[in-house]
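In: Build the 3D model from these lines:
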Amino acid sequence: MRAGGAPRPARVLPFVGLVVFCAAWELIGHRGAFGGSIPSLTAVVREISSDHQVILTATRASMARAAVGGVIGLALGVLVAVLTALVPRSTSHVVRAVVLVNALPVVALGPILMSLPVRPATPQVFAALSVLFSTVVTVSDGFRSAASSSRDVFATYGAGRTQQLIRLQLPAAVPFIADALRLAVPAALLGAILGEWFGADTGLGVLMVSAMRNVQYELLWGATVMAVLVSAAGYALATWAERISAVRFGRPTVVRDDADSGSRRVDVATGVAIPVVLVACWQWWISAQHVPTVVAPSPHRVLTSLVDDWHGYLHAAGLTLLSAAGGLACGLVLGVGLALLATLMPPVRAFFSPLALLVPTIPIVVFVPILGAVIGYGMGTVLASCVLMAFFPVYVIVLSGLGARPAGSDDVFRIYGADRFAVLRRLALPAALPSLFIAVRLAAANCVLIAISAEWLMDRGGLGRIFADEQVTLDTGAAWGSVVVAMVLSVLAYRSAAAAEKWAGRRWS
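Out: Here you go, the predicted model:
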């Protein structure tokens with residue numbers, strides 16, 4: 001090993017992985033695979049070079065919007081997490097409200113924002129919302145990760161909530177804030193691009209829509225490459241910050257179940273009150289602002305559609321839930337498997353590190369047609385979309401957790417002659433459980449939304465297909481019926497993952 005740090009092979013492997021990927025891309029493009037929807041790398045490079053002014057202008061616009069929205073989303077998420085730290089009994093209620101906001105599909109949110117005064121800032125809003133949910137979940141867990149013994153010491157010496165927050169909980173949460181930042185970088189850019197589809201003068205999203213309409217695959221992939229490069233640069237900086245913070249402050253190695261929400265009655269009452277308040281605000285907006293039906297229906301109209309065709313929605317919900325659950329399970333296996341492989345074999349981690357970032361930075365509207373060309377435009381593509389989008393947060397967070405062993409524990413295992421598989425099974429895996437359950441909650445809530453988006457794009461499957469079909473006929477009541485069912489499924493998925501975490505907390509604390 002050289003004095004500079006990592007050995008030369010470890011530094012070279014990421015570039016080797018990138019070269020292999022580029023060579024495979026070039027070969028696929030030259031052979032015209034997937035119906036020619038993937039041009040060769042050289043063709044994409046030529047397109048970027050010839051239209052560099054247009055592409056660079058679009059990239060700068062999307063970067064600026066993503067930066068503004070991402071910072072807002074991160075700041076709001078951290079503030080919400082601080083609230084849960086100062087008032088622990090509010091944790092479950094606050095997170096439940098954030099889950100509800102996150103559960104609103106972008107295909108329904110876009111037209112609403114276009115009708116409001118915030119229309120020019122739609123990309124920034126999408127970027128902020130894309131970041132908010134993961135930030136609240138990860139950072140609030142970070143504040144809760146401080147050791148109980150340390151809390152008891154602070155309480156014994158009369159430290160108040162604010163002192164505990166600043167001196168104990170905030171240092172414990174720093175690695176989680178870095179995790180939130182790593183997830184936020186690609187999410188903010190992707191959110192800004194999605195927002196640009198609904199209305200913007202320039203940006204990568206505008207460029208992608210124009211390229212798809214005019215069947216300009218080189219331009220489409222040129223814009224996608226720029227999005228990947230920007231995300232990769234930001235993700236690399238965030239990863240560097242996470243590694244430093246993990247070394248400086250450490251990570252929790254025990255699954256905790258200490259988010260007390262108070263009495264059961266209060267919990268149930270709050271769980272009912274939040275949806276009721278949201279529906280009341282919805283009705284007030286429709287009535288006070290005289291919102292046209294084509295933009296958004298009234299709650300009564302949506303309820304009527306749900307009652308009249310409940311069996312159709314139930315069947316569609318089953319299809320969507322099947323794809324989401326299957327995608328989540330496969331995504332968990334893939335993400336955890338890659339994280340384990342990367343932990344056991346650091347060269348593999350270095351080799352695949354540039355490739356792991358590709359999936360979450362490619363807009364769904366780009367990779368769904370590719371998956372459709374390979375798998376077919378059916379439920380298999382919906383399932384594959386959920387797998388690809390679920391594995392990334394699992395891989396990122398679990399990989400960090402696998403390295404979060406208690407100080408000195410590796411030396412103890414080494415003294416007793418334990419091999420790396422024993423260290424992984426008896427030390428690293430138990431230490432990674434808190435990170436695993438955070439990743440499961442994030443992926444569970446988002447898999448339903450990804451399934452609906454894929455169904456909407458292909459006009460196949462369940463709730464997404466209902467939304468697409470009813471949009472065409474301008475029956476917004478029926479379309480929003482699918483949105484309401486999707487929100488319920490997303491919340492239930494998150495609650496199920498949270499219940500599994502509580503069980504694990506009682507089992508392994």
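
In: tell me the contacts of Val412?
Out: Under the criterion of Cβ atoms under 8 Å, 6 or more residues apart in numbering, Val412 has no contact partners. C-beta here means a position set from N, CA and C on the backbone, and glycine is covered the same way.

In: what's the distance between Met345 and Ser435?
Out: As judged by Cβ to Cβ, to the nearest Å, Met345 and Ser435 stand 20 Å apart.

In: So if I had to pick from those two, which one is more boxed in?
Out: The residue with more neighbours, out of Met345 and Ser435 and counting by other Cβ atoms under 10 Å, is Ser435; that gives 29 against 12.

In: thought that one was touching Gly401?
Out: Yes - the pair Ser435 / Gly401 is scored as a contact, 2.7 Å apart, by Cβ atoms under 8 Å.

In: okay, and for the stretch 51-200 of the chain, where does confidence drop off?
Out: Of all residues in the stretch 51-200 of the chain, those with pLDDT under 70 make up the ranges 146-152.

In: Which residues are in contact with Ala108?
Out: Taking Cβ under 8 Å, 6+ apart as the contact definition, Ala108 lies against Phe467, Ala479, Trp480, Val483.

In: just these now: which is nearest Arg301?
Out: Minimum distance to Arg301 across the contacts of Ala108 is 8.0 Å, recorded for Trp480 (Cβ to Cβ).

In: Please name the residues that touch Ala454.
Out: By Cβ under 8 Å, 6+ apart, the residues touching Ala454 are Ser323, Ile364, Val368, Thr381, Val382, Ser385, Cys386, Gly461, Gly464.

In: let's see it at 6 Å
Out: Under the criterion of Cβ atoms under 6 Å, 6 or more residues apart in numbering, the contact list for Ala454 reads Val368, Val382, Ser385.

In: Checking it next. Helix, strand or coil?
Out: helix (DSSP: H, G, I helix; E, B strand; the rest coil).

In: do the same with Pro275
Out: With three-state DSSP as the criterion, Pro275 reads helix.

In: How much space separates it from Phe392?
Out: Here Pro275 is placed at a distance of 30 Å from Phe392 (Cβ to Cβ).

In: Report the mean confidence score over the helix or strand where Ala241 lies.
Out: In this structure, Ala241 is located in helix 217-249 according to DSSP states H and E. Average pLDDT, helix 217-249: 83.

In: which strands and helices sit next to it?
Out: Helix 217-249 makes packing contacts with helix 41-50, helix 52-86, helix 170-197, helix 204-213, helix 358-361 when contacts are defined by 3 or more Cβ pairs under 6 Å, 6 or more residues apart in numbering; DSSP states H and E.

In: deepest of those, which one?
Out: For those, the stretch with the most neighbours on average is helix 170-197, a mean of 26; neighbours defined as mean count of other Cβ atoms under 10 Å.

In: by contact count, what packs against that one?
Out: Other elements packing on helix 170-197 under the criterion 3+ Cβ pairs under 6 Å, 6+ apart are helix 52-86, helix 122-144, helix 204-213, helix 217-249, helix 379-402.

In: about what we covered before: neighbour-wise, which of the contacts of Ala454 leads?
Out: Compared across the contacts of Ala454, Val382 has the highest neighbour count, 34 neighbours, by other Cβ under 10 Å.

In: if I look at that one, how far off is Glu26?
Out: Note on Val382: its distance to Glu26, by Cβ to Cβ, is 29 Å.

In: Can you tell me how far Ile161 is from Val82?
Out: Let me fix one detail, which is that residue 161 is Arg and not Ile. Arg161 sits 10 Å away from Val82 when distances are taken as Cβ to Cβ.

In: can you pull the alpha-carbon coordinates of stretch 198-210 into CSV?
Out: The C-alpha coordinates for stretch 198-210 follow below in CSV (Å, rounded to 0.1, in the frame of the first residue of the first chain):
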residue,chain,number,x,y,z
PHE,A,198,-45.1,19.9,-16.3
GLY,A,199,-43.9,23.4,-17.3
ALA,A,200,-40.6,25.1,-17.8
ASP,A,201,-38.8,27.1,-20.5
THR,A,202,-35.5,25.2,-20.3
GLY,A,203,-33.9,22.4,-18.4
LEU,A,204,-33.0,18.7,-18.8
GLY,A,205,-36.7,17.7,-18.4
VAL,A,206,-37.8,20.0,-21.2
LEU,A,207,-34.9,18.6,-23.4
MET,A,208,-36.0,15.0,-22.7
VAL,A,209,-39.6,15.7,-23.5
SER,A,210,-38.7,17.4,-26.8
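
In: ok so, going back, kindly reformat the contacts of Ala108 as CSV containing secondary structure and neighbour count.
Out: Supplementary listing: the contacts of Ala108 in CSV, determined by DSSP: H, G, I helix; E, B strand; the rest coil; neighbours: other Cβ atoms under 10 Å:
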residue, secondary structure, neighbour count
Phe467, helix, 26
Ala479, helix, 25
Trp480, helix, 23
Val483, helix, 22
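
In: Averaged pLDDT, the helix or strand where Cys281 lies. What do you get?
Out: Remark: Cys281 resides in helix 264-288, with elements defined by DSSP H and E. Computed over helix 264-288, the mean pLDDT rounds to 78.

In: Could you check the helix or strand just after that helix and say which residues are buried?
Out: As assigned by DSSP H and E, the chain's next helix or strand after helix 264-288 is helix 299-308. Counting neighbours by 16 or more other Cβ atoms under 10 Å, one finds that the buried residues in helix 299-308 are Pro299, Arg301, Val302, Ser305, Leu306.

In: Turn those into TSV, columns for pLDDT and distance to Ala61.
Out: Below are those laid out as TSV (pLDDT from 0 to 100; distance: Cβ to Cβ, whole Å):
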residue	pLDDT	distance to Ala61
Pro299	88	37
Arg301	89	37
Val302	90	36
Ser305	90	38
Leu306	90	40
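
In: so Glu26 touches Ile38, yeah?
Out: No - with contact taken as Cβ atoms under 6 Å, Glu26 and Ile38 are classed as non-touching, separated by 10.3 Å.

In: So these two - more neighbours on which side?
Out: Of the pair Glu26 and Ile38, Ile38 is the one with more neighbours under other Cβ under 10 Å, namely 22 against 16.

In: Pull the contacting residues for the more buried one.
Out: Listed by Cβ under 6 Å, 6+ apart, the contact set of Ile38 reads Ile28, Gly29.

In: how about a cut-off of 7 Å?
Out: By Cβ atoms under 7 Å, 6 or more residues apart in numbering, Ile38 lies in contact with Ile28, Gly29, Ile370.

In: Got the phi and psi for it?
Out: Dihedral angles phi and psi of Ile38 (degrees, to the nearest 10) take the values phi -110, psi 100.

In: Next one, pLDDT for it please.
Out: On the pLDDT scale, Ile38 gets 81.

In: on that earlier part again, could you redo the contacts of Ala454 as CSV and give each row distance to Ser115?
Out: Converted to CSV, the contacts of Ala454 look like this (distance: Cβ to Cβ, whole Å):
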residue, distance to Ser115
Val368, 27
Val382, 29
Ser385, 28
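
In: So which one of the residues you listed is the model least confident about?
Out: Val368 (73).

In: how close does that one get to Met458?
Out: 7 Å.

In: Need the residues touching each of these two.
Out: Between them, Val368 and Met458 share these contacting residues under Cβ under 7 Å, 6+ apart: Thr381.

In: Any chance of the helices and strands packed on helix 217-249 in JSON lines with distance to Gly318 as columns?
Out: Below are the helices and strands packed on helix 217-249 laid out as JSON lines (distance: least, Cβ to Cβ, whole Å):
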{"stretch": "helix 41-50", "distance to Gly318": "40"}
{"stretch": "helix 52-86", "distance to Gly318": "33"}
{"stretch": "helix 170-197", "distance to Gly318": "27"}
{"stretch": "helix 204-213", "distance to Gly318": "31"}
{"stretch": "helix 358-361", "distance to Gly318": "27"}
